[in-house]
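Student: model the structure of this input:
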Amino acid sequence: QITKSSRQSGKTYLSYLVRESFRTADGPRSRTVCNISDLPPHTRDLIAASLKGQDFLPSDQVQLHDALDYGGLAVLNDAWARFQLDRFFADIGSARQRGLLKAIIYSRLIFPCAKLSLSHQARGTWLAAACGLDAKESFQEDDLYHAMDQLNGHWVSVEKQLYQQAFTQSVRLVLYDLTSVYFEGRGPEHLARYGHSRDHRSDRPQIILAVATDTEGVPLHLSVLRGNRGDTRTLQGLVTTLRRRFGIKEATFVFDGGMSSRVNLEAMSAAGLGYVTRLSAATLQGLVAELALEKQLELGDRQTLMELTHQNKRYVIAGGPWRQQRDQQRRQSRIDKAQAELKRLAAVKRKKVDVQKLASQVGRSLQRLKAHKYFSYHVEEGGKLKWERKEPTIAQEAQQDGWFLLHTNESVQKCSSTEVLSHYKGLLDVEE
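Tutor: Alright, predicted model coming up:
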């Protein structure tokens, strides 16, 4: 208890008393146990807190027995709350399943791992508590997949809500790319197929993921497609989905050469949509061959962009020293590997030489090493393998090292050649 007392000098004095209350036959009473006014202020505060029931321990006796890793999770949890993302999952599954979905999302950002190893990665972290789960949550693989199954029938709604919140204005530039994921087992029955593998695992069934993003790499839409679907057959379905689901009416789509079929490009133009795409090296060579000599000489300067119109189509030829060096190294590597393989095949001792079989074997080896166009070869009657480099072909290709061909249907007024290149570089950045 703190009491005040004043004296004739005008000074006010504070007294710090420890008082005790007790009950008598005449009613409750109190008495002073001791006066602690002369003690230091911090000591008085400790006594007051102790009398209120607080416990204290000397700092040198405090030991840390356990701690949870929470830094990144705290940031994600704060962002999740600020953007009110819980409302997107309000009608999905049970409370625990919603927590597991949240944990899967957090783990993909903090410690990407397979569902099987999530329980191990989550050990010693704040993940369970951050997602509203029991501290002893096991994160069993089957429970995680079952929680993901609850998204069936809800995904379109979630995607639309995310788009509306993330993009208050209609998206004007869409970057589109494909990737593949292979399975060690059979994979999903209606999706897993053998096809062109970007992971160089053509011996495994796979699925294709089609992803559309904005210029910052923020996803707009994700589609899961059959693993044997051709690249050119994915674009129009994506465009239809984006227009119907998100109301995108006018936009420029940027995609790689695998989707640049004539049918796709004509369909994009007919729909009033712009596009920027990269065409093949063979198309570049054919186009350069039709250029005037002075235009061909301009290709020697790899610091500038060359824009041209051919058969009412707009092209931009771009490049740079870094790409030139990369193309040179790639070609030389292929030639060196091919020459080593030719020497190996020529050195093999055969009891009986089948000329046609050996020539076919050489051709397959060169195709596998992507060096068939750099060599001419033949097998003599005696079974001796002869080859030589196609120096004119190599020299002609070297003249175009570092260059690549972009094609667009956008007008110069709407999209300059520099902007065309910038759009395509944005796709490359997102791919990385």
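Student: tell me the first helix or strand C-terminal of the worst-scoring helix or strand of the chain on mean pLDDT.
Tutor: One helix or strand of the chain scores below all others by mean pLDDT, DSSP states H and E: helix 293-298, with a mean of 62. Next helix or strand after helix 293-298 toward the C-terminus (DSSP states H and E): strand 306-310.
Student: what about His146, how many residues nearby?
Tutor: Residues near His146, counting by other CB atoms under 10 Å, number 13. C-beta here means a position set from N, CA and C on the backbone, and glycine is covered the same way.
Student: correction: Phe56
Tutor: Phe56 sits with 8 neighbouring residues when counted by other CB under 10 Å.
Student: SS state for it?
Tutor: The three-state assignment at Phe56 reads coil, by DSSP: H, G, I helix; E, B strand; the rest coil.
Student: what does the model give it for pLDDT?
Tutor: Per-residue pLDDT puts Phe56 at 77.
Student: for Tyr315, which three-state class applies?
Tutor: Assignment for Tyr315 (three-state DSSP): strand.
Student: now do it against Met306, distance only.
Tutor: Distance, Tyr315 to Met306, by CB to CB, to the nearest Å: 9 Å.
Student: got it, and Glu216?
Tutor: Computed as CB to CB, the Glu216 to Met306 distance reads 29 Å.
Student: buried residues in the longest strand seen in the chain, which are they?
Tutor: Ranked by residue count, the top strand of the chain under DSSP state E comes out as strand 12-24. Burial within strand 12-24, assessed by neighbour count using 16 or more other CB atoms under 10 Å, is assigned to Tyr16.
Student: other residues contacting that strand?
Tutor: 1-7, 28-37, 39, 44, 47, 51 (CB atoms under 8 Å, 6 or more residues apart in numbering).
Student: which ones among these lie within strands?
Tutor: Going by DSSP E, the strands hold 2-6, 28-35 from the contacts of strand 12-24.
Student: each with direction, which strands does the host helix or strand of Ser180 pair with?
Tutor: When elements are assigned from DSSP H and E, Ser180 belongs to strand 173-182. Strand pairing for strand 173-182, using DSSP bridges, gives strand 206-213 (antiparallel), strand 252-255 (parallel).
Student: coming back round to it: what pairs with the longest strand of the chain, and is each one parallel or antiparallel?
Tutor: By DSSP bridges, strand 12-24 pairs with strand 2-6 (antiparallel), strand 27-35 (antiparallel).
Student: CA atoms only: put it into CSV for me.
Tutor: Presented in CSV, the C-alpha positions along strand 12-24 are these (Å, rounded to 0.1, in the frame of the first residue of the first chain):
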residue,chain,number,x,y,z
THR,A,12,4.8,15.3,0.4
TYR,A,13,6.2,12.0,1.4
LEU,A,14,5.3,8.5,0.1
SER,A,15,5.3,5.5,2.3
TYR,A,16,5.4,1.9,0.9
LEU,A,17,3.8,-0.4,3.4
VAL,A,18,3.1,-4.1,3.3
ARG,A,19,-0.3,-4.5,5.0
GLU,A,20,-2.3,-7.6,5.9
SER,A,21,-6.0,-8.0,6.1
PHE,A,22,-7.7,-10.2,8.6
ARG,A,23,-11.2,-10.8,10.0
THR,A,24,-12.3,-10.3,13.6
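Student: that strand: how far from the chain's middle?
Tutor: Centroid separation between strand 12-24 and its chain, computed with CA atoms, centre = their mean, to the nearest Å, is 68 Å.
Student: one more: stretch 125-138?
Tutor: That offset, for stretch 125-138, works out to 26 Å (CA atoms, centre = their mean).
Student: could you tell me the end-to-end distance of it?
Tutor: 13 Å (CA to CA, to the nearest Å).
Student: what does it rub up against?
Tutor: 68-70, 73-74, 76-77, 95-96, 98-100, 102-103, 106-107, 119, 122, 139.
Student: same deal with stretch 362-380?
Tutor: Contacts of stretch 362-380 (CB under 8 Å, 6+ apart): 331, 334-335, 337-338, 341-342, 345, 353, 355, 358-359, 385-390, 393-394.
Student: ok so, going back, between Glu216 and Met306, tell me which one has more neighbours.
Tutor: Neighbour totals were compared for Glu216 and Met306, and Met306 leads with 18 against 9 (other CB under 10 Å).
Student: only C-alpha atoms, please: export stretch 369-376 in CSV.
Tutor: As requested, C-alpha coordinates have been extracted for stretch 369-376 and formatted as CSV (Å, rounded to 0.1, in the frame of the first residue of the first chain):
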residue,chain,number,x,y,z
LEU,A,369,23.9,-36.2,-79.9
LYS,A,370,22.1,-33.5,-82.0
ALA,A,371,25.1,-33.3,-84.4
HIS,A,372,23.8,-35.0,-87.5
LYS,A,373,23.8,-31.8,-89.5
TYR,A,374,27.5,-31.2,-88.8
PHE,A,375,28.8,-34.3,-90.4
SER,A,376,28.8,-36.4,-93.6
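Student: which parts of it are buried?
Tutor: Buried, per 16+ other CB under 10 Å, within stretch 369-376: 369, 371-372, 374-375.
Student: ok, Glu391 - how many residues close by?
Tutor: Neighbours of Glu391 (other CB under 10 Å): 9.
Student: OK, contacts around Tyr106?
Tutor: Per CB under 8 Å, 6+ apart, neighbours of Tyr106: 73, 76, 127, 130-131.
Student: let me see the mean pLDDT of the helix or strand where it lies.
Tutor: Assigned by DSSP H and E, Tyr106 belongs to helix 95-110. Averaging the model's pLDDT scores along helix 95-110 yields 94.
Student: where do the helices sit along the stretch 301-432 of the chain?
Tutor: For the stretch 301-432 of the chain, helices defined by DSSP state H, counting those that start in this stretch occupy the ranges 321-347, 355-368, 391-398, 417-431.
Student: pull the residues that contact stretch 170-178.
Tutor: Under CB under 8 Å, 6+ apart, the answer for stretch 170-178 is 198, 208-215, 217, 220, 231, 234-235, 238, 242, 246-256, 258-259, 423, 426-427, 430-431.
Student: same question for stretch 53-72.
Tutor: In contact with stretch 53-72 (CB under 8 Å, 6+ apart) are residues 46, 49-50, 109-110, 124-126, 129-130.
Student: try stretch 308-326
Tutor: By CB under 8 Å, 6+ apart, the list of residues contacting stretch 308-326 reads 279, 284, 287, 290-291, 295, 299, 302-303, 305-307, 401-410, 412, 417, 420-421, 424.
Student: filter those residues down to just the buried residues.
Tutor: Buried among these (16+ other CB under 10 Å): 279, 284, 287, 291, 299, 302, 306-307, 401-410, 417, 420-421, 424.
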